[in-house]
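Novice: here are the coordinates; sequence isn't available:
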């Protein structure tokens, strides 16, 4: 089966797709957490995912009992130490016993460091980057944002890999030729604004074939990237201006602030995960509610299925 040929336009469609192609096995590291277990019960019940909980079994069962949650169908591996739980979750993925790795109550760098470890890891020679998908009230499509969680201050070469990873995700979600906007403060290139110089260079590199199956433009400010009216007023042409599918941010600070603003100010919803490893890695914030975790698991399930559907030589 090939990846989708029509784009997923809403999170409801993404959930439906995950139910259709699931369940996939998700290894959850340090799973003794209320929101983690609520999400696990929901995806298990809906047939989106089978959850393998790795962590302190006594604490996991105590939380489930206190919250009235069913752990039916879930496997539990007792590993009380958080870092050891991360290693076990990653090991399960490395031997093919899990299709997705998810973070519970541990730090992101602990999980990603384990994923990159040559002894325990699931690296495949690519830069690990975060891709978030956002459903924003009033917008007629899902927006992909990268990188808002992993690469702190990317070099231009790392930004190229960030673009390539985000494009791959968008294409596997049915966007045949994603429109990519490289964000900066304005559309003007200025020698004192490094992000604008990088954006111009990246758009030229993409035009020369460095990025497959996508159209890339920049620098573009946020308003001109997503609003046709703003692009018209600023007299910006091209395929991307006003119609971007993917927003590439200049730093993790900018991306993280944008993501949190969408959630807390605009009442948007998000799903997000790390790509570039052998399996998707979910690194939801420890403060994220279960709704975000469910959507991230659904995103990971759809992505894992689509990646497995591609012939090995085409990956």
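Specialist: On my side now, so go ahead. Owing to the predicted nature of the structure, the values given are computational and were not obtained by experimental measurement. Residues are numbered from 1 along each chain as shown.
Novice: where do the strands sit along the stretch 1-150 of the chain?
Specialist: 24-29, 49-55, 75-78, 100-103, 129-135, 143-146 (DSSP state E, counting those that start in this stretch).
Novice: mean neighbour count, these: which tops it?
Specialist: Ranked by mean neighbour count, these are led by strand 100-103 with a mean of 30 (mean count of other Cβ atoms under 10 Å). Heads up, the C-betas are built off the backbone N, CA and C, glycines and all.
Novice: helices or strands up against that strand?
Specialist: strand 24-29, helix 82-94, helix 108-116, strand 281-282, helix 290-309 (3 or more Cβ pairs under 8 Å, 6 or more residues apart in numbering; DSSP states H and E).
Novice: could I get these in JSON lines, plus columns for distance to residue 186 and mean pLDDT?
Specialist: Shown next, in JSON lines, are these (distance: least, Cβ to Cβ, whole Å; pLDDT from 0 to 100):
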{"stretch": "strand 24-29", "distance to residue 186": "42", "mean pLDDT": "98"}
{"stretch": "helix 82-94", "distance to residue 186": "42", "mean pLDDT": "96"}
{"stretch": "helix 108-116", "distance to residue 186": "32", "mean pLDDT": "94"}
{"stretch": "strand 281-282", "distance to residue 186": "34", "mean pLDDT": "97"}
{"stretch": "helix 290-309", "distance to residue 186": "32", "mean pLDDT": "93"}
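Novice: mark out where each domain of the chain begins and ends.
Specialist: 1-124+277-315, 132-270 (automatic domain parsing).
Novice: which of these has the lowest average pLDDT?
Specialist: Lowest mean pLDDT of the domains of the chain: domain 1-124+277-315, a mean of 92.
Novice: how far away from the center of its chain is that one?
Specialist: The chain centroid and the centroid of domain 1-124+277-315 are separated by 12 Å, computed with Cα atoms, centre = their mean, to the nearest Å.
Novice: report the contact partners of the closest residue to residue 104 other than its chain neighbours.
Specialist: Spatially, and ignoring its direct neighbours in sequence, residue 104 is nearest to residue 30 (3.9 Å; Cβ to Cβ, 6 or more residues apart in numbering). Neighbouring residues of residue 30 by Cβ atoms under 8 Å, 6 or more residues apart in numbering: 54, 55, 82, 85, 86, 103, 104, 105, 106.
Novice: same thing but at 7 Å, please
Specialist: 55, 82, 85, 86, 104, 105, 106 (Cβ atoms under 7 Å, 6 or more residues apart in numbering).
Novice: compile those residues into JSON lines and extend it with columns for distance to residue 300.
Specialist: Formatted as JSON lines, the contacts of residue 30 follow (distance: Cβ to Cβ, whole Å):
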{"residue": "55", "distance to residue 300": "19"}
{"residue": "82", "distance to residue 300": "21"}
{"residue": "85", "distance to residue 300": "18"}
{"residue": "86", "distance to residue 300": "17"}
{"residue": "104", "distance to residue 300": "15"}
{"residue": "105", "distance to residue 300": "19"}
{"residue": "106", "distance to residue 300": "18"}
